[in-house]
Each structure stands twice: as structure tokens, then as C-alpha cells.
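In: sharing a sequence plus its predicted fold:
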Amino acid sequence: MAVRTGAERLAGEPGLVDDGRLGLITNFTGVLPDLRPASVALLEAGLPLTALFGPEHGLRGTAQAGESEAEGVDPDTGLPVFDTYRRHGRSLDDLFSGVDVLLFDIQDIGTRFYTYIWTMYDCLKAAERLGKPFVVLDRPNPLGGVRVEGPALQPGFESFVGRAPIPLRHGLTVGELARQLGEATVITMDGWSRDSWGTGMTWVPPSPNMPTLDTALVYPGTGLFEGTNLSEGRGTTRPFETIGAPFVDARFVPALRECELPGVVFRRTWFEPVFSKYAGQAVPGVQVHVVDRAAYEPVRTALVMLRVLNELYPSDFGLLPSLDKLWGSDSLRKSLEAGEDPVALLPSTTLSWARPDALLYEGTA
């Protein structure tokens, strides 16, 4: 059965939301199966959309990480477009003064440090402060809703790559996260279960450095390399699947293969990023090839890679301050600095971390 998203359901049943001026928090991933923008479909269905609100990367997705697009008018709908990125508190509240109900329709990828869920969280909290309904038009978690990996974020390490204590690979849809983290109404999907894989629709790259579903699968683990002095493959055609640095030599891949990690094989590679770390340099490294996604554990795999790098290149391998925010505590940094095996930090995490009343879909592994 094909997945029918919350946006598609609302376009067919406009009465699913309360009357009033609607503001839609969305971007280029907010599309229907025919790839029309949901904003266009909702207007055609007679819903009173009055404004659009874009996240990091912007409504159209032209901005790189840490950037957004200028505000203006959406050419598809004629609606004003406002930028939510880096706005919070009173500034965010003021942005929503012209709407009565807030809708959210953006594709997530199931990883805590992917920022769209924190745009949702910040806007949800603004709606709660303002006493305005917040409605999530639910979309699939492309990594499925069964597997959970990594620790929950710890108090004191909150940032825009983690506002609340959820695991690295959280296993929830955006609608379930909204119910977990606040007061929200969810227009649920039809045809999606927890053991689904992918989105059930055409893959729309949800950000400039998330080109494929393969990228999304490795990201919960290799996204941690943003907190090191290795390139995480930004500026290449395979971001987060290629990892490297000038000091990585021929020992790295054999050492990884000796670890016999499930569901993955490693290939020695070279790449030249056109931006970000080591831009313009030929960088040696490794490509992560997932051969069995059911067996593959992205977070465990990345921790083993970090341990091996720490052992092979103790004088060259370095950690950046952002690692603590990505991991959600300082335990990973301290473990590596002490020469310990960070795999020991992994909890036995299941969906039991989430409130039962937040879970909206059935399915098993």
C-alpha cells in the first residue's frame, strides 16, 4: 500500500483542521505524490493559507548548512515567506502574529542532529506560548520506526542540533515527536507502519548534503565526524558516506575490516571536496558501503571508526567542540581522549524511551 501523507489527506479532507488563517511551516520536501508543493494543493483545496515559513536551507533549499534564504514572496502561491531559522522566543512569536493555526509539513530523516525537527520544536513551543493550535502533517521516518540507536541528549548540552532528550536515531515520525515533546494535533499517514523502509514516495533530497536514502542511513553515525578534524564528505557527491583526512593512510581500511562490523564493507578512496574541510585538496579516506541495511548499525559503526582513527593516528586525529553537541554529552569526547572504546557508551535503547501515547503506528521488526 502506498503511503498517504498527512498533507495528502488534508488536501482531500480540508475539514481536518480548524477554521482560521493558516500558516504552513514547510520547504521543498513538503510535496504530494505527484511532487506538487503541498502549499499549492492545500490552496487548491480551499484551505485559507496566508503565509509560509521556511527552515534552515530555506523554502527552496538553495542555502547550505547553517544558512537560510531571504524572505519574500513564494512564486507558486503568491504567499509571503518568512524565515524561522535562528529565531526563537519573542522573535519567533512575533513571526506568527498573522496566523491562527500553524501547520508543519517537512520531511525528517530520523536523526536527532538533523535540524528540521528542532524547527518544529521551536515553532511548537511558540504556538503553545501563543495559545495557537499546532498541527503536524505527518510524514514517514525513512529509517523506519523500530530501530533506535545512541544515547539521549543530556541536560546542559541543548542546541539547535538537539533541544530535548531523545536518542540519536530516534525511531519516531515528526508527528510522534511532536506528541512526545509538546501539545500537537497530528494528521496521521495511511499505509505506513513501523517496519516500513524509505518514504514510500519519490525521494526528494531533504537538504543539499542529503542526496540519497543511502546518505540518510549512514548519517546517524557518520554525522558525528562533523565534530572531528576529518572531512565528513561535504563538498562531494557522497557526503557522510566518504570520510577522510590528509593523514589517513593505507592502514585505515584493513583495520576497519578486521572489526567485522555487520552489514557494511569499507573501501579505500580519495576525494576532493569543493567546499568545507580540506576544500580543493585530494583527501585519502574510506567510503562506507552498506550491504545489509537490516544488520547495519550506523552509530556503532561510526564509534568503531572513531576508535580505530584514535588508535592509528593519535597525534593527528582531533576532536572539535561541536562533538559534544552532536553526541548530546561530553562522554564520547572524554572516552576518546582517555583512549577508551566508545562502543561501551552505547545504551540498549528501544522504543521504550518514548511515551506510549506518542506512538501512532503499528509494526514490528
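Out: Perfect, thanks for sending it. Numbers count the residues shown, from 1 in each chain.

In: and the closest residue to residue 242 other than its chain neighbours, how many neighbours does it have?
Out: Nearest residue to residue 242 in three dimensions, chain neighbours excluded: residue 233, at 4.0 Å (CB to CB, 6 or more residues apart in numbering). From N, CA and C alone the C-beta is placed, and that goes for glycine too. For residue 233, the count of nearby residues is 28 (other CB atoms under 10 Å).

In: cool, the one 4 residues further on as well?
Out: Residue 237 is flanked by 11 other residues according to other CB under 10 Å.

In: who are the contact partners of the closest residue to it other than its chain neighbours?
Out: Leaving out its chain neighbours, the residue that sits closest to residue 237 by CB to CB, 6+ apart is residue 211, at 7.2 Å. For residue 211, the contact set (CB atoms under 8 Å, 6 or more residues apart in numbering) comprises 205, 237, 239.

In: ok, residue 69 next?
Out: Here residue 69 is in contact with 54, 57, 58, 59, 60, 62, 63, 81, 83 (criterion: CB under 8 Å, 6+ apart).

In: just these now: which is nearest residue 170?
Out: residue 57 (20.6 Å; CB to CB).

In: relative to residue 153, how far out is the closest one?
Out: 22 Å (CB to CB, to the nearest Å).

In: same question, residue 322
Out: For residue 322, the distance to residue 153 - CB to CB - is 14 Å.

In: same question, residue 267
Out: Taken as CB to CB, the span from residue 267 to residue 153 is 33 Å.

In: which phi and psi does the residue lying closest to residue 58 once chain neighbours are set aside have?
Out: Nearest non-adjacent residue to residue 58, counting by CB to CB, 6+ apart: residue 69, 2.9 Å away. Main-chain dihedrals, residue 69, degrees, to the nearest 10: phi -100, psi 160.

In: repeat for residue 293
Out: The phi/psi pair for residue 293 (degrees, to the nearest 10) reads phi -70, psi -20.

In: need the contact list for it.
Out: Residue 293 touches 197, 217, 263, counting by CB under 8 Å, 6+ apart.

In: out of those, flag the one nearest to residue 351.
Out: Nearest to residue 351, judged by CB to CB, of the contacts of residue 293 is residue 197 at 16.4 Å.

In: ok, how many other residues are close to the closest residue in space to that closest one that isn't next to it in sequence?
Out: Distance criterion CB to CB, 6+ apart; nearest residue to residue 197, sequence neighbours excluded, is residue 144 at 5.6 Å. Number of residues near residue 144 (other CB under 10 Å) recorded here: 21.

In: mind checking pLDDT for residue 144?
Out: Per-residue pLDDT puts residue 144 at 96.

In: again with residue 72
Out: The per-residue pLDDT reported for residue 72 equals 87.

In: before we move on, what about residue 63?
Out: Predicted confidence (pLDDT) for residue 63: 68.

In: cool, and residue 69?
Out: Residue 69 is assigned 72 on the pLDDT scale.

In: same question for residue 135.
Out: 98.

In: can I get the host helix or strand of it in PDB, CA atoms only?
Out: According to DSSP states H and E, residue 135 maps onto strand 134-137. Taking Å, rounded to 0.1, in the frame of the first residue of the first chain, the C-alpha atoms of strand 134-137 are listed here in PDB:
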ATOM      1  CA  PHE A 134      -0.200  23.300  16.100                       C
ATOM      2  CA  VAL A 135      -0.900  20.600  13.500                       C
ATOM      3  CA  VAL A 136       1.700  18.200  12.100                       C
ATOM      4  CA  LEU A 137       1.000  16.800   8.700                       C
END
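
In: is residue 52 in a helix, a strand, or coil?
Out: strand (DSSP: H, G, I helix; E, B strand; the rest coil).

In: distance of it relative to residue 84?
Out: 10 Å.

In: and those two? which has more neighbours close in?
Out: With neighbours defined as other CB under 10 Å, residue 52 and residue 84 compare such that residue 52 has more, 24 against 21.

In: now do the contacts for the more buried one.
Out: By CB under 8 Å, 6+ apart, residue 52 lies in contact with 23, 24, 25, 26, 39, 59, 74, 77, 79, 80, 81, 82.

In: for the most centrally placed residue in the chain, give me its contacts.
Out: Nearest to the mean C-alpha position of the chain, by CA atoms, centre = their mean, lies residue 114 at 3.0 Å. Listed by CB under 8 Å, 6+ apart, the contact partners of residue 114 are 108, 207, 219, 223.

In: low-confidence ranges in this structure?
Out: Filtered on pLDDT under 70, the chain yields the residue ranges 1, 61, 63, 365.

In: would you map the helices across it?
Out: According to DSSP state H, the chain carries its helices in the segments 6-12, 38-44, 89-95, 116-130, 174-181, 213-222, 252-258, 298-312, 322-327, 331-337.

In: indicate which one of the ones you listed is closest to residue 187.
Out: That would be helix 6-12 among the helices of the chain, by CB to CB, at 3.7 Å.

In: buried set for the closest one?
Out: Of all the residues in helix 6-12, those buried under the rule 16 or more other CB atoms under 10 Å are 6, 7, 8, 9, 10, 11.
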